[in-house]
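K.L.:
how does the following fold in three dimensions:
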Amino acid sequence: MRSFGSDNNSGVHPQILQAIVDANRDHAIGYGDDPWTERAKDALRQLIALNDVEPLFVFNGTGANVIALQACVRPFHSIICASTAHIAVDECGAPTLFSGAPLKEIDTPDGKLTPELVLPYLIGFGVEHHSQPKVIAVSQTTEMGTAYSPQELRSLADLAHEHDMYLFVDGTRVANACAYHNVSLKEMIVETGVDIFTFGGTKNGLMMGEAIIPLRRELAENMKYIRKQSAQLYSKMRYMSAQFIPYFSEGIWLDNARWSNRKAQQLAEAMQKAGVELTQVVQSNAIFFRMNKDLADKLREDYFFYAWDEAADEYRLVCSWDTTDEDIEQFVKHLSI
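P.N.:
Below you'll find the predicted structure:
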């Protein structure tokens, strides 16, 4: 089966798979006290040019988000996010269950928060009857496929810091944002004032695994305990960490993102030529479009993809690191059948 359902439907990059195989020799101390984990951490440190950070590797994106947010808040705090955010829509209430902090959801036209949208929610500070705003949480790229620019992230970080808050970036697809804006991870995250972020791997060629990177010392202090309590500490950590070594050090993270972005642009252009209406600008590897339900249902007999907003006949396609020209050509042919 070939599909455009999600980038986590694709396989594992050959170099990543080989890294796992290469790690499968002899015995190694568990829970991250192994040479592969240390090498992976060092590779990430080099990528963002910070030697004093302590990355943590976990199984999946929900786990990464939950741990990062727990490091930022106490139950009397609140977390501000877009109403389309993964933490609000697709994590079964886990962020609030684990942290105790409620989510304050903001409607946006494109999945992106702005200081103007957030500011009305920055109220009640010091008033014991109200939850205390503590985190502005954004997804990069957003769930609508849009990508924050470094300047946009900087404006949100400045707003957060003016109110003694943190800016958290769910970086499941941060590689795609870096590729779109043609900037380094350091320029996108470190230089914009982000306080803590996750770095996605599962949707970008890894078998499994995400990284959590706290950029403030107080956020890093208790994260290893939070990871354990959240059931995200892998005993045979070397197999997870081994993937991140070539992923970071050989630039696979960015190469894969560039490829999936290009394929999405290619597919989007072909769809528009076929008369399909796009509902969002294409700034990553995701395409949002409107189509008559009967036509979409017919197309879904051969291709798996999600309905995004059924009431509006809006659907989503996602390209992957392994999307081919043939995949695109075959899909476009089905549009005219």
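K.L.:
confirm L317 sits in a strand?
P.N.:
Yes. Under DSSP: H, G, I helix; E, B strand; the rest coil, L317 falls within a strand.
K.L.:
check contacts around the closest residue to it other than its chain neighbours.
P.N.:
Counting by CB to CB, 6 or more residues apart in numbering, F4 is the residue found nearest to L317 once chain neighbours are left out, at 3.9 Å. Yep, even glycine has a C-beta here, placed from its N, CA and C like the rest. Each residue near F4 by CB atoms under 8 Å, 6 or more residues apart in numbering is listed here: L267, I287, Y303, F304, F305, L317, V318, C319, T323, D327, F331.
K.L.:
ok, now R154?
P.N.:
T192, G193.
K.L.:
helices along the stretch 51-200 of the chain, start to end?
P.N.:
Residue ranges of the helices in the stretch 51-200 of the chain, as given by DSSP state H, counting those that start in this stretch, are 61-72, 86-89, 94-99, 115-118, 150-162, 174-181, 185-188.
K.L.:
dihedrals phi and psi, the most centrally placed residue in the chain?
P.N.:
Geometric centre of the chain, nearest residue: T172, 1.5 Å, by CA atoms, centre = their mean. Phi and psi for T172, reported as degrees, to the nearest 10, are phi -50, psi -40.
K.L.:
look at it and report its pLDDT.
P.N.:
For T172, the pLDDT comes out at 97.
K.L.:
the longest helix seen in the chain: what's the following helix or strand?
P.N.:
For the chain, the helix with the greatest residue count under DSSP state H is helix 252-273. Later in the chain than helix 252-273, the nearest helix or strand by DSSP states H and E is strand 277-278.
K.L.:
ok and the following helix or strand past that next one relative to helix 252-273, angle-wise?
P.N.:
Per DSSP H and E, the first helix or strand lying C-terminal to strand 277-278 is strand 286-290. Relative orientation of strand 286-290 and helix 252-273, computed by axes from the mean of the first three to the mean of the last three CA atoms, to 10 degrees: 20 degrees.
K.L.:
okay, now the sheet partners of strand 286-290, with direction.
P.N.:
strand 277-278 (antiparallel), strand 314-318 (antiparallel) (DSSP bridges).
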